[in-house]
Every structure is written in structure tokens, then in C-alpha cells.
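Trainee: Okay, here's the prediction I keep looking at, along with the sequence it came from:
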2 protein chains.
Amino acid sequence: MTESDLPVVHLTSGRWGDPAYRAELPAAAVEALKQLGVRGPAVAPVDPVDRPGLATDLEQLLADVLGADHVRTDLETRWAHTRGYSTPDLLRHRAGDTSDMPDAVVFPGSHDEVVALLEVCDQRGVAVVPYAGGTSVVGGLAPDRRFVAIDLGRLDRLTELDEISRTARLGAGVRGTAAEALLAEHGYTLGHFPQSYEGASIGGYAATRSSGQSSAGYGRFDQMVVGLTVATPRGTIEVGRAPMSAAGPDLRQLFLGSEGALGIITSVLVRIRPRPAERSFEGWKFASFDEGLTVIRRLAQDGPLPTVLRLSDEAETAVNLADPNVLGGAGTGGVLAIIGFDGPVDPGTAAALRDAGGESLGEGPGETWRQGRYRGPYLRDPLLDEGALVETLETAGFWSSLPALKAAVTNALVSSLSEQGTPPLVLCHVSHVYETGASLYFTVVSAQTDDPVAQWRTAKAATNQAIADAGGTITHHHGVGTDHRAAYAAEIGPLALDVLRAVKQTVDPGGILSPGILLP
Amino acid sequence: MTESDLPVVHLTSGRWGDPAYRAELPAAAVEALKQLGVRGPAVAPVDPVDRPGLATDLEQLLADVLGADHVRTDLETRWAHTRGYSTPDLLRHRAGDTSDMPDAVVFPGSHDEVVALLEVCDQRGVAVVPYAGGTSVVGGLAPDRRFVAIDLGRLDRLTELDEISRTARLGAGVRGTAAEALLAEHGYTLGHFPQSYEGASIGGYAATRSSGQSSAGYGRFDQMVVGLTVATPRGTIEVGRAPMSAAGPDLRQLFLGSEGALGIITSVLVRIRPRPAERSFEGWKFASFDEGLTVIRRLAQDGPLPTVLRLSDEAETAVNLADPNVLGGAGTGGVLAIIGFDGPVDPGTAAALRDAGGESLGEGPGETWRQGRYRGPYLRDPLLDEGALVETLETAGFWSSLPALKAAVTNALVSSLSEQGTPPLVLCHVSHVYETGASLYFTVVSAQTDDPVAQWRTAKAATNQAIADAGGTITHHHGVGTDHRAAYAAEIGPLALDVLRAVKQTVDPGGILSPGILLP
């Protein structure tokens, strides 16, 4: 099954991903969890109890703009639009916690309807949060105040295709899978395959600076965007008249990563590429993570760079996250790298890997990874079912800082969770490389305490501080949301924060756009 | 002579470039000018007459911060820091026009001194304009009010070199030539070679989003920057903790292109690369500009891309700007492309050019171009001496829009100048390519009217409107300055303009930073 054949999955169940697919934990994994002290779930799932939604007069006002069919206040719809998919989110969902539930969900059908909606909400002081794929893992859908969720799912079309310039305009509500399918009809690919690909959407990719598994070849999503249309309470902003310009600051880069706080991105003009006839993946083995890091740095700096480049550390290799079906299986020593190409494996890349001491493991591990590439997150639900705490986080830094940054994050997680009586397993990989540095992606698994939300809050705070102290950025591709906003404010400093607040005050004087998300 | 061997040139003479080098117009060029109706200069050069400079108490305040040696109010220093190098600038300079002359020139020696200086100037309401290379061609050094020029020339050091991450921190006052020399000592290159390379500086590159002749291989300057330190009246902003981040908007991209209006960039962390042992250049001939455009688009989209890629149109090829020594020489038909490589010519690129109908002209035209690559601007002074009006301008757009954009700009220039009785010669080339589009760079030559500054103002206004109507951006790499600010405001629209004004109000509440530059 290729990327464009995957179904469009609506993540509305409080469990990750396609409801038709349920991951099973292998027996070895269950055994490994026992060694971590995992002893059954701390929170038994309960159903949500409704609470009062939107006032009737407001509902009527919104219906006047969108039509009554496109304004929903029933519990089922609102619950399905409640928060995202971080582990605390999943835990709160299991607890039936409706504190983050929207008062209504509205479904605009056009950019102009979004603008009209914002005007009405601004007049009445109603907070709004854009909702597209709903896959935030940083609290990006849970504002400080009661709110209306604006589901962008109806903005689901390819509206422009310029085959000379190789650009396409996609609505904010186009899912990753749908974008590939729409472009494939014309022979093109976007090449953006984040792990949330089955559910996340174009608008979310742009608003959170998503980065996909093929980022070595295609770049990050923010590097694919050449134009944006943004709706604000004060009207529309259109940016991107040329690939690049010297006409002042690059305003595209002000709205990319703005997470709904500076406007609602309704469509994006993206760079597209011809769809490759085949994609190839291989596994390579290196003696150690440090050795592997040197090799992937060399590829990132001197090439030839593959399309996919991913390096697991010793712990992740032993657990073999590349193949969730053997989670907990015995490692074979060394570390695993996955390289992927559009077309056949580049002999230059293979030679560079070999010269650096790498050993080819052939297509087997590559194919295994490819088939499981979107399956990792599905393990979170059975892990929670078993009573494990499992979460991921990521950072990035310059190459010279990465070893210390990795050690600092690992130490913070181990110390904080051990102090809480739940020593964790911490796994790490690099999957996004640049000439000057790379990302680090961590997976942590431990037993739950009696209050796993508080347990993780403590561990996460320690980790955030460790990242700041080691000079990394608080997030490489998950975004800021509410979970990272304090760390983000510290990272950019008070004056830069004032700058962003001034921008927000200008486009959103009533403060209705995603209050508390991104900006404290 | 390689790039790093070129002398650091201080452009302080009111004529472009190295005072030791004077370009001569070939006889054929002089003859060609006669055919355009050029009949001797309209304005005879006159010396400037001093006007009152900074009040004594202010001078003392600045001296208290920097030391008296670093505060200059003499006519010679101030005149040498007066405006940039656009044709109107050169004409005003020849007219002895001191209206844009700073009241003083100060020379801070550190970031902290710049911050202290801004604090004092803010308290006293003294406008400031940063001055580094002084090579603006868009009025970027001529604010709306009387002002103090802050010459960043003492911030001229390489202060960090991270060979693992391949980054270097360079002071804002490091000239292009000096940057290459400093990096060459360690075996690295920045790879940024704009035509202003002999005079322009790191701070100016960043503040104006400069793009160099090797942009196909090295990217634009704004793509080389991974971190910035900015001084504002409200203190310091540091951005860039990682190559890329999902932590909110990319604030680097807010200060890149801010042209001194949102702060003074005092140092830049840039990506560096190993210095190539050799660089190769070749000329190629195509039947027409349209054919050539298709070929360079193919290289930009599918590769393999050379380091330098430049395509002249029929008119520019006939005049042969690639070799200023034969300006006005007869063309041989077709259009000329120059390709350049770090190392030998890539056979894949050559094959792609050949397959597309290109004919290799060998290294001769490439070497001629390489030797003359920084010499083009030197022709402006002898052309002005002859009484010609000569100016350049640039835009960019998506590939599908380029033919219409080129025709619109050419028509605007021809119509406007012909209506003024001075039909022009309009030349064009593409020298910066992207997957989705490219730049267009125009050179225009005509006879002068009695008031060449007004003559060009009229032609430029018509051109700006044509660019806007054709959907291009008002500038690809020269910047906004004062010349483009109205067109820029129209390009981004009133709400985005409000956003930038809000940013300015936040970092510069007193409005002392380059008033009237970038933002109306």
C-alpha cells in the first residue's frame, strides 16, 4: 500500500488513529513492562458527562453565518473535538474529563466564512480554536477559556495546480493522505509524511511547522510553503508573491508556527514534486550512536543525502521501535539507521555509509520500518491499557551540542521519573537533519504512579529545563501549544514575547484566537 | 585572484567601488550611447557645502558612550556616509546635495555599545541609521529625518567558529571580502558573492536579504543565517537556538530584511562550507531566452543544479554585460547562459543543457564573466560621466508568471522613458533560481533629461506598478529602503503593514530606528 492509498482517517475516538486498526503488544513487551514495574492502569476509562454548551443566541448567530447544519453542539461532536493526543490528553480523555471540551463545533465551508465567523465571534468575545486533524500532542487544542472549535474539514480541496511553477494550493482541512491522493491524480507528491500523516492536515502542518519522515529529501513543511492565506478578526492576510523576496521580513514565517494564535490559516500554496515511481528503504548498522551521528552529519553536510535518514540510539535499537511488532525483542547490538530514497538506493550514499564503518542490513529492516512507519503511535493505547506511562518529546540543536543535549534530556527523564518511584526506559533517535544540526526525538516508558498526569508534568518540567540549559529548542516539530508555552517564553525572551503579543494585539485585538495557546 | 584575495574596499567616494579601479567605456559603447541620444552629462559634479551637524551636548553624550574618537562630525566623514549607490544617489552626490547627510557618524566597538547608543539616542529622540558597507541602491541610508549614522565597521571580527556544526559568528561590519578571508584561514567559505561583494557587509546582507551570484549552490544570505543578535532601544533580541524549530514563528525571518527599522543586527551566526579547491565556469548558448528559461527551470526543479546559474536575454547577450570590456560589442545571436561549479563542471548538468538544445561555448565566456563579475557597477560612473541614465532593478515571481512579468517591466520602462523623449535600452537576466520560480534583473540605459532624478522617478513608478499588476514582488534582493516603501506597503497590504508597525512600536517606541526606511 503506498502513501496515497491510505484511507483518510478521522481521529475522533480518544484513541490514536484508524479505528479499524488495533495494535497488540507482543508478549515480550508485556514482560518488559513488568520489569519497569507496570501493574495495570491507574485510571479506568469513564464516559464523559455533558456540560452546558453554547448559549442559544450565540448558536443562532453562528448558524446565521454558516447555516444551522454547520453548527453542532451535541456531546458526541464536541467530545470528538476535545483536546489532542498527548499522553495527558489520552489520560484525561479516559477520565471522561470535559474541562477542555468546546462549547460548539462549527464547520465553515470557505475562507470567507471563516472571516465572517471570526467577525461575529470577535464582536461577542467568543474564543475560537481552529481544528483540522486534531493530532496536537502539545495541548494545542485546549485554550485557557471556554471556546468554539472551528473544524476546517470542509476546506478539503486542491484549488490550484501550477505545473510550470510546481505549486499547488490546498485547503487547510486537506488531510495528509488526501493531499497525496489529490496530487497523485496529476502525477505529483507533496512528500510530507509525518507520523501523524493518517490524521493531520495541511493547516495543522503549517500552523505547527510539521516535519515529516522524508524531511532529508523534501524539507520541513515550513520549507515547502510558498504562500499562505490567513483569516483574522481584522480581515485577511495573503503572503507569498514569489518563491523568495527581499521585500521586508518574510511574513510567511510569522504565520507558519503561529498555532492559531495569530490567525487561522485557511489555505496554503505549497511546492510539489513529481511522484516517484518507487521508493526504496534500507537498514544499516553502526557500532554506536556516536559513530552513527558522525556519519549522518557527514551526509547532511556533504551529501549525497537520502530522502529519509533516521538513526536510533542503542536503547531504541534494542527495543526496535522500527518494528512495533517485535517491541521488546532482543537487540543485536549496535545501532540501526534507516535510509530511504525516491527511486533506488543511491550508491554514493551507500558508499559513504560503508566507508564510515556501516554494515548494510539490506531492505528487510527498511521495509519493516516503511510498513510500520505510521504505526508507532497506535502502541500508546495498549500501553496505557497495561498501565504504562508512554510519551514522546523532541528538541533540536547544532551538531556540536547534540551529545550533551541528548545526555541532559535522558538524565532529566531518568532522574525525575526514578525520583517518583517509576524508573523509565528512554529511547532516542535522530530523524531530521540539517547542515548545521539535527533533531533528537525521545520516547519514554515507565510505570504510572497514582496520578500519571501529575507524574508526567513533573518529568516534563525537568526535561524542559534540561533542554533550555543545554541550549536546545523546546520543540523541533511538535509545536508549543499550552504544554510548552512557558518554556517557549523563556526561550525567546521577554522582548521577543512582547513583539509577538503586539502582533497578536494587531490582528486579534479582542484576544479571541486560541487564547493561552503559544503565547502565555 | 580568488574571492578571498580581493581587497576590502571602502566605498566612500561617491563613485562605486575600489578607487584604484576605474572602468573605461569602450569606443563602441560610446557610439551606442550616441544612438540612444546621450549628449553629455546633465549635472556637473559640485562639492558639498557643510551644514550644521549634531548639537554639541548630543555629541558629548555620544562621546560619553563611545569615547570622543568614535564620534565624528567633520564634513568629510559625514559626506562619505551620505546615502548609497542608486543612480539617483550618485546624481545627488554629484550635485553636492547634503540633504541626506548624517549629523554625525559614530563607530561603536561592540554589541553592548550599540545597545547603549540606542538607549541614549532614544532618550533624546535622535534618529539613527545603521551603516556598514553603504551599498544600498534603494535609499536604505536616507531616512525621513535628520539622523546619526551608526557605522558598524568596527564589528569586523569572526568571533565563533564551530567546525562540527559548520557555523561561524561574524560581526555586522565584516565586509564580504573580509568574511571570505577570515573563513579561508580555516578552510571554509561563506559562498556569498553579490555584485556588491567588494563593499557590502554581513550586517547589510542580513538586513536586506541579499542574494549572491552563487545562490543556486549556496542559497540566499537569509538561507545561510542560523542565528542573529539584534540591538534595539528596548534591549537585545537573540534568535536561533537550532537550525530549525517548531517553537512558534521563525523570528530570524522577522529581523532578516528589517533594514534597520526593527533593530540593528550586530552579529550573525551563519552556516559555512568547506572552501572548494577550484571553481569552474562555462558559457552556454541557447536559441532564445524562452528556451533558456525552460532549461534553467528544469535544472532548478530536477537538477543537477550548478553553483552559479545565470541566463541573459537577447538584448543583454547582444550587449554582453558578461564582459563589460566589450559593452556595446556586436552579439552573435541567441542568448548566453553562465554556469559555475565548485570543482569541475558537473557532467549531469552539462548533459541536461545539451539535451535541451544548448551549445557549450566552453570556459572562455565563463572565465570572462568570472573576472568581470564585480565590475558591472563600475560602469555606472563613466556612463553617468557620458550623460547616460543607467540603473538596475529586480523582481521575482513564480515560473509560470515570469514571461508576462518580464514583458510588463520592459514595457513600463520603454513606455515611460520613451514618453519622456529618452527611449531606453532594456536588458534582462535571471540569476537566482528556485524550484517554484526565479528572479528577473533588469538594466536600463537611456539618455538623461534635464532632470534625471525626476526622469528616473517617473520610470520607476511606472515599473513598480507594472510589477504589482503582474503579480511579482517589488524586490528580489535589493531591499525596500525608501525607494520601494510605498510599493512594499501596497504589496503586503494594510493589515500586514499594521503588524510590522506594531512590531516596530514594540522594539522602538520612540521611532528612532531608520524612520521612513522600509515602513512608510
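Mentor: Everything's here; your move. Residues are numbered from 1 along each chain as shown, chains lettered A, B, ... in the order given.
Trainee: all helices of the stretch 201-350 of chain A, in order?
Mentor: According to DSSP state H, counting those that start in this stretch, the stretch 201-350 of chain A carries its helices in the segments A:202-208, A:215-218, A:221-224, A:252-255, A:289-302, A:314-319, A:347-355.
Trainee: got a list of contacts for the third one?
Mentor: So the one you mean is helix A:221-224. Outside helix A:221-224, the residues that touch it by Cβ atoms under 8 Å, 6 or more residues apart in numbering or on different chains are A:190-192, A:205-206, A:209-212, A:218, A:253, A:256-257, A:270-271, B:244, B:250. (Each C-beta comes from the backbone N, C-alpha and C, glycine too.)
Trainee: So which bits of that helix are buried?
Mentor: Along helix A:221-224, these residues count as buried under the neighbour rule (16 or more other Cβ atoms under 10 Å in any protein chain shown): A:221-222, A:224.
Trainee: repeat for the fifth one
Mentor: For helix A:289-302, the buried set under the neighbour-count rule, 16+ other Cβ under 10 Å, comprises A:289, A:292-293, A:295-297, A:299-301.
Trainee: what would the helices of the stretch 201-350 of chain A look like in JSON lines with distance to A:Pro41?
Mentor: Formatted as JSON lines, the entries for the helices of the stretch 201-350 of chain A read as follows, by distance: least, Cβ to Cβ, whole Å:
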{"stretch": "helix A:202-208", "distance to A:Pro41": "29"}
{"stretch": "helix A:215-218", "distance to A:Pro41": "35"}
{"stretch": "helix A:221-224", "distance to A:Pro41": "35"}
{"stretch": "helix A:252-255", "distance to A:Pro41": "41"}
{"stretch": "helix A:289-302", "distance to A:Pro41": "33"}
{"stretch": "helix A:314-319", "distance to A:Pro41": "21"}
{"stretch": "helix A:347-355", "distance to A:Pro41": "43"}
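Trainee: who wins for proximity to A:Gly364 among the ones you listed?
Mentor: Evaluated over the helices of the stretch 201-350 of chain A, closeness to A:Gly364 peaks at helix A:314-319, with 14.7 Å, by Cβ to Cβ.
Trainee: mean confidence for that closest one?
Mentor: What helix A:314-319 shows for mean pLDDT is 91.
Trainee: Against which helices or strands is that helix packed?
Mentor: For helix A:314-319, the helices and strands in contact under the criterion 3 or more Cβ pairs under 8 Å, 6 or more residues apart in numbering or on different chains; DSSP states H and E are strand A:335-342, strand A:425-430.
Trainee: what do you get if the cut-off is 10 Å, keeping everything else the same?
Mentor: helix A:27-35, helix A:289-302, strand A:308-312, strand A:335-342, strand A:425-430, strand A:437-447 (3 or more Cβ pairs under 10 Å, 6 or more residues apart in numbering or on different chains; DSSP states H and E).
Trainee: Just send these back as JSON lines, with distance to chain B too.
Mentor: Below are the helices and strands packed on helix A:314-319 laid out as JSON lines (distance: least, Cβ to the nearest Cβ, whole Å):
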{"stretch": "helix A:27-35", "distance to chain B": "30"}
{"stretch": "helix A:289-302", "distance to chain B": "6"}
{"stretch": "strand A:308-312", "distance to chain B": "14"}
{"stretch": "strand A:335-342", "distance to chain B": "12"}
{"stretch": "strand A:425-430", "distance to chain B": "12"}
{"stretch": "strand A:437-447", "distance to chain B": "4"}
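Trainee: between the ones you listed, which gets the lowest average pLDDT?
Mentor: Among those, helix A:27-35 has the lowest mean pLDDT, at a mean of 87.
Trainee: Which stretches in the stretch 1-150 of chain A count as strands?
Mentor: Under the criterion DSSP state E, counting those that start in this stretch, strands of the stretch 1-150 of chain A are mapped to A:71-72, A:104-106, A:127-131, A:147-151.
Trainee: And chain A, what are its domain boundaries?
Mentor: A:158-274, A:279-374 (automatic domain parsing).
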